[in-house]
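Participant: structure of the sequence below:
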Amino acid sequence: MGWQSKSVRNATTERDEGQSADGSGLKSLHPLQPDVASPRTRTRLRPAVRAVVGIALAIVVLVIFISLTGGREVVVAVARADLRLVAVGCIAGVAAISSWGESLRQALSTAKPVGGLHYRLAYRSGDFARQVLPMGHLSGSAIASYAVSRPFGLQYEEALAAVTVADLLNLLSAVTISTLGLLFLLLDSDIGDVRTFVAGLLGALTVASAIFVLVTRRRDLLERAVVTVIAVGHRLAARLGISTAERLLRPDSVEQRIESYFRTLDTVAENRKRVALAGVFAALGWVAFGTALAVAATALDVEIPLAAALFVAPASGLVGWSPLPGGSGGVEVAVTAGLVATAGVPVSTAAAVALLYRVCGYWVVVAVDAAATGLLAALYPS
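Facilitator: Alright, predicted model coming up:
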């Protein structure tokens, strides 16, 4: 049941020693036993509180988004959607995340064979945390590494190396598929202003290139930067008397982890078949999201070219950044702007498609991830 603070333990001891046979001592000493949650319980609660607050803010932002893009007209359009097609779109959204999970599994399997129901539930639990926590997309690599390393006895840095490869392939796949969709649109018809999306694609390509150079050509620079930051953290932890952080941030321990990270990274990169398969599954994930967007439009009886869906779905994920869970607010705005520019639909119509797409590609995914997280706890208690 966790551990209690020293004051609470002392209070409990004093109560037991001072209580008389008839129980008269209990009443007088009752104030000495406050109802205090253990630090471990409070630690578990913090992410849950952050998630609840983040989801609440996301809902508020969506209400504002709807009011600015058509209000009741948008809500009525979504309510009239073809539910059978909505179900197809939801399946596509869930399949997209499953495909990305398989991409990571291919990368992880170069270090240690993983798979089965246990892996898929563990991956979904990590994705659940990534989707519902504020800034979850920025810390997604760390969350995924933690989620998939524990069940299979992998070191965190080993899992992080595999996640780095999978994330890099995911980013390159997003740029590739979005660019192909844009090229098909340019060949087939005139489109509106997509400069923001093109800038986002170029920015993503720049980031991917920088990461690739750092982990392959300039490891010394990356290692020095990490060691410098960790050294500052170690000194700060020592000064503040935080023993756990001080132990984890010891320079020799950090250097060993960095070596393990790069060693695993090399192992993953050397297995070209696994890397190729990981890239294929990453691309299939984006195609599934593009399919979910196209199906969402069809469910609302809105015609958009498939090329537009394949362009907008990945590009909106790159340019529609938001600190809220799942990028809420930013992705909806990006999808709406992208559909207006590429499909020539009114803003209210594009907003309705964007909302339904997010139901298929985010909210239903969160529900499935939550169910998987509960099932993981039930079947594989740690």
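Participant: residues contacting stretch 108-128, please?
Facilitator: Outside stretch 108-128, the residues that touch it by C-beta atoms under 8 Å, 6 or more residues apart in numbering are 97-98, 101, 104-105, 143-144, 146-148, 150-154, 158-159, 161-162, 264, 267-268, 270-271, 274, 365-366, 368-370, 372-373, 375-376, 379-380. C-beta: built from backbone N, CA, C; applies to glycine.
Participant: kindly report the same for stretch 164-174.
Facilitator: Contacts of stretch 164-174 (C-beta under 8 Å, 6+ apart): 100, 103-104, 106-107, 140-141, 204-205, 207-208, 211-212, 215, 265, 268-269, 275, 278-279, 282-283, 285-286, 314-315, 317-318.
Participant: next one, pLDDT for Gly54 please.
Facilitator: Gly54 carries a pLDDT value of 82.
Participant: tell me the SS of it?
Facilitator: Using DSSP: H, G, I helix; E, B strand; the rest coil, the structure places Gly54 in helix.
Participant: which of the contacts of stretch 164-174 count as buried?
Facilitator: Using 16 or more other C-beta atoms under 10 Å as the burial test, those include 100, 103-104, 106-107, 140-141, 204-205, 208, 215, 265, 268-269, 275, 278-279, 282-283, 285-286, 314-315, 317-318 as buried.
Participant: mind checking which of these land in strands?
Facilitator: Applying DSSP state E to the buried ones among the contacts of stretch 164-174, no entry is found in strands.
Participant: do you have the helices of the stretch 151-300 of the chain handy? List them.
Facilitator: Along the stretch 151-300 of the chain, counting by DSSP state H, counting those that start in this stretch, helices occupy 156-188, 195-216, 219-240, 243-248, 251-270, 272-299.
Participant: now render the ones you listed as a markdown table, adding mean pLDDT and distance to Val353.
Facilitator: Output for the helices of the stretch 151-300 of the chain, formatted as a markdown table (pLDDT from 0 to 100; distance: least, C-beta to C-beta, whole Å):
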| stretch | mean pLDDT | distance to Val353 |
| --- | --- | --- |
| helix 156-188 | 90 | 16 |
| helix 195-216 | 79 | 16 |
| helix 219-240 | 77 | 41 |
| helix 243-248 | 68 | 47 |
| helix 251-270 | 81 | 38 |
| helix 272-299 | 96 | 5 |
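Participant: so which of the ones you listed is nearest Arg50?
Facilitator: Taking C-beta to C-beta, helix 243-248 is the member of these nearest to Arg50, at 20.4 Å.
Participant: does Leu300 touch Ala81 like I think?
Facilitator: Yes - with contact defined as C-beta atoms under 8 Å, Leu300 reaches Ala81; the gap is 5.4 Å.
Participant: between the two, which contacts overlap?
Facilitator: Leu356.
Participant: list phi and psi for Gly344.
Facilitator: phi 70, psi 30 (degrees, to the nearest 10).
Participant: so the most centrally placed residue in the chain versus Trp100, what's the distance?
Facilitator: Most central in the chain under C-alpha atoms, centre = their mean is Arg130, positioned 2.9 Å from the mean C-alpha point. According to C-beta to C-beta, to the nearest Å, Arg130 stands 11 Å off from Trp100.
Participant: ok, now Val88?
Facilitator: Distance of Val88 to Trp100, computed by C-beta to C-beta: 19 Å.
Participant: again, but for Ala378
Facilitator: As judged by C-beta to C-beta, Ala378 and Trp100 stand 24 Å apart.
Participant: again with His234
Facilitator: 35 Å.
Participant: ok, now Arg124?
Facilitator: 11 Å.
Participant: same check, this time on Ser253
Facilitator: 31 Å.
Participant: likewise for Thr228?
Facilitator: Thr228 is 33 Å from Trp100, by C-beta to C-beta.
Participant: equivalent analysis for Gly126, please.
Facilitator: Distance from Gly126 to Trp100, by C-beta to C-beta: 11 Å.
Participant: ok, Gly344 next?
Facilitator: Gly344 is 31 Å from Trp100, by C-beta to C-beta.
Participant: before we move on, the earlier item: show the buried residues in the contacts of stretch 108-128.
Facilitator: Neighbour-count burial (16+ other C-beta under 10 Å) is assigned, among the contacts of stretch 108-128, to 97-98, 101, 104-105, 143-144, 146-148, 151-152, 154, 158-159, 161-162, 264, 267-268, 271, 274, 365-366, 368-369, 372-373, 376.
Participant: so the nearest residue to Leu339 once chain neighbours are set aside is in which element?
Facilitator: With sequence-adjacent residues excluded and distances taken as C-beta to C-beta, 6 or more residues apart in numbering, Leu339 is closest to Ala350, at 3.9 Å. Assessed by DSSP states H and E, Ala350 sits inside helix 347-358.
Participant: now the helix or strand following that helix against helix 347-358, angle please.
Facilitator: Going down the chain from helix 347-358, the next helix or strand is helix 364-379, by DSSP H and E. Counting by axes from the mean of the first three to the mean of the last three C-alpha atoms, to 10 degrees, helix 364-379 points 10 degrees away from the direction of helix 347-358.
Participant: check which helices and strands helix 364-379 sits against.
Facilitator: Other helices and strands packing on helix 364-379, by 3 or more C-beta pairs under 8 Å, 6 or more residues apart in numbering; DSSP states H and E, are helix 83-108, helix 116-132.
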